[in-house]
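*Asks:* Provided below for reference: sequence and predicted model.
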Amino acid sequence: RLINLNTFRAFFESEQIGGVILFVCVIISLFIANSSLNDGFNSILARQFGYESQSLHLNYSVSQWINDGLMALFFLLVGLEIKREVVEGELSSPKKAAMPIIAALGGMIFPALIYVIFNNNSATGHGWGIPMATDIAFALAAISLLGKRVPASLKVFLAALAIADDLGAILVIAIFYTNELHWDQLLYSAGILALLVSMNLMGVKKLVFYIIPGVFLWYFIHHSGIHATIAGVLLALTIPTNKTAVESPLEKLEHLLVRPVNFIIMPIFAIANTNIRFENKMLDGLYSPLGLGIILGLVLGKPLGITLFSWLSVKFKLASLPSEANWTHIIGLGLLAGIGFTMSIFITLLAFTEPGFITNSKIAI
């Protein structure tokens, strides 16, 4: 039990500080984009490096390494958090998992519907996944500023909801934001995944025996057409864990990743992908169907969906409110869940290739 509490405390503390750092990095990125540094910065992001041969292709731009490589580590951490919560945390029993999962479902459906209302049958219709996401780091950083005025149970509920929300976003990316599939690469990926599952079932505990095949899993999934970050989640689900006070391989890896991800990887992603150059009439994009779909999806859709589905789960006795929490708390929590930053920008980059759409989406987010 002590290990579990310490794990959550370390996760929460690093997430809330990470949210503050993310906000600073957004400001830095906007400053770079609107200064004389912009051209040099973009040339760095476009610079290619890596290795390439007839049988091996690992030569990408800095931007691709960030979005496909470093973000795979972010998704590895998210996958570890999801598995830990399912095995021993806030999602470990139907009663515990019901409300955050149902609330997260409402918080994904309503924003997507609002977006579709504004963008159906248009060139921007494919971006319906953008307002579905919640940024764990920003949301937990914001709720932490309220201190003891917020029940501790509500902070745990927000973390569980955000984790369930991330799982939904991962499924959306895997199913709807994947283009051409290469079945031979998928077959290699399936073979490695089967090996990882077999080692888990045989009781292999050493992390190195999971990490090395995990690198190959990333490579083959990256070349299969499915976004490479999904490899991080799949690897996480094969890492062994337990319900005891003894630190499991999963908890050990989570402890190793949580600070580098929150303090290095997420800030790098923010600096590389928030670089919006302000131009005349740029804010007009906020009133476009794309801008309105994203803004209203996040600002109205999230709290409406989360509050309504939470109320229905209590009404039909599927779940109960977190201890010491009331419906005003749930509405406020729904507003915090509308901070979609990291995941929303990530899905934007998958949904669109048109620079104008990407810029308008980032401003709206």
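*Replies:* Thanks, I have the structure now. Numbering: from 1, shown residues only.
*Asks:* pLDDT below threshold where in this protein?
*Replies:* 1-16, 90-91 (pLDDT under 70).
*Asks:* secondary structure class for the residue sitting furthest away from the middle of it?
*Replies:* Computed with Cα atoms, centre = their mean, the residue of the chain farthest from its C-alpha average is residue 54, at 34.0 Å. At residue 54 the chain is in coil, as set by DSSP: H, G, I helix; E, B strand; the rest coil.
*Asks:* Tell me how far it lies from residue 219.
*Replies:* 16 Å (Cβ to Cβ, to the nearest Å). Where C-beta positions appear, they are placed from N, C-alpha and C, glycine not excepted.
*Asks:* same question, residue 97
*Replies:* Taking Cβ to Cβ, one finds residue 97 at 34 Å from residue 219.
*Asks:* same deal with residue 39?
*Replies:* Distance from residue 39 to residue 219, by Cβ to Cβ: 33 Å.
*Asks:* These two: who's more crowded?
*Replies:* residue 219 (19 against 9; other Cβ atoms under 10 Å).
*Asks:* if I look at that one, how far off is residue 25?
*Replies:* On the measure of Cβ to Cβ, residue 219 and residue 25 end up 29 Å apart.
*Asks:* go on, residue 41?
*Replies:* Residue 41 is 13 Å from residue 25, by Cβ to Cβ.
*Asks:* ranges for the helices of the stretch 201-350 of the chain?
*Replies:* Here the stretch 201-350 of the chain has its helices, by DSSP state H, counting those that start in this stretch, at 208-222, 229-238, 249-260, 266-273, 289-296, 302-315, 327-336, 341-351.
*Asks:* among these, which is nearest residue 189?
*Replies:* Residue 189 lies closest to helix 208-222 among the helices of the stretch 201-350 of the chain, at 4.3 Å (Cβ to Cβ).
*Asks:* Report the buried residues of that closest one.
*Replies:* Buried residues in helix 208-222, counted by 16 or more other Cβ atoms under 10 Å: 210, 213, 214, 217, 218, 219, 220, 221, 222.
*Asks:* Test my guess that the third one contacts residue 196.
*Replies:* Yes - under the criterion of Cβ atoms under 8 Å, residue 214 is in contact with residue 196, at a separation of 7.3 Å.
*Asks:* what is in contact with those two at once?
*Replies:* Residues touching both residue 214 and residue 196 (Cβ atoms under 8 Å, 6 or more residues apart in numbering): residue 235.
*Asks:* Return the member of the buried residues of helix 208-222 nearest to residue 174.
*Replies:* Closest to residue 174, out of all of these and judged by Cβ to Cβ, is residue 221, at 9.9 Å.
*Asks:* mind listing what the closest one touches?
*Replies:* Contacts of residue 221 by Cβ under 8 Å, 6+ apart are 185, 186, 189, 227, 228, 230, 231, 234.
*Asks:* The same query, at a cut-off of 7 Å, please.
*Replies:* Contact analysis of residue 221 by Cβ atoms under 7 Å, 6 or more residues apart in numbering lists 189, 228, 230, 231.
*Asks:* Dump the residues you listed to CSV, plus neighbour count and distance to residue 284.
*Replies:* Below are those laid out as CSV (neighbours: other Cβ atoms under 10 Å; distance: Cβ to Cβ, whole Å):
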residue, neighbour count, distance to residue 284
189, 23, 44
228, 21, 35
230, 23, 36
231, 28, 39
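*Asks:* Widest-spaced pair of those?
*Replies:* Spanning the widest gap among the contacts of residue 221 are 189 and 228, at 10.5 Å by Cβ to Cβ.
*Asks:* Can you get me a residue count around residue 335?
*Replies:* Using other Cβ under 10 Å: residue 335 sits among 17 other residues.
*Asks:* Check the gap between the nearest residue to it once chain neighbours are set aside and residue 317 for me.
*Replies:* Distances taken as Cβ to Cβ, 6 or more residues apart in numbering place residue 303 nearest to residue 335, at 5.0 Å, with adjacent residues excluded. Remark: distance between residue 303 and residue 317 (Cβ to Cβ) = 23 Å.
*Asks:* higher neighbour count, these two?
*Replies:* Ranked by neighbour count (other Cβ under 10 Å), residue 303 and residue 317 place residue 303 first, with 23 against 8.
*Asks:* which residues does that one contact?
*Replies:* 331, 334, 335, 338.
*Asks:* follow-up on the earlier one: next one: phi and psi at the residue farthest from the centre of the chain?
*Replies:* Backbone torsions of residue 54, given as degrees, to the nearest 10, read phi -70, psi -30.
*Asks:* same thing with residue 122?
*Replies:* phi -130, psi 170.
*Asks:* any idea how far it is from residue 207?
*Replies:* Distance from residue 122 to residue 207, counting by Cβ to Cβ: 47 Å.
*Asks:* One more: residue 241?
*Replies:* 12 Å.
*Asks:* Pick out whichever of the two has more residues nearby.
*Replies:* Between residue 241 and residue 207, counting by other Cβ under 10 Å, residue 241 is the more crowded of the two (20 against 16).
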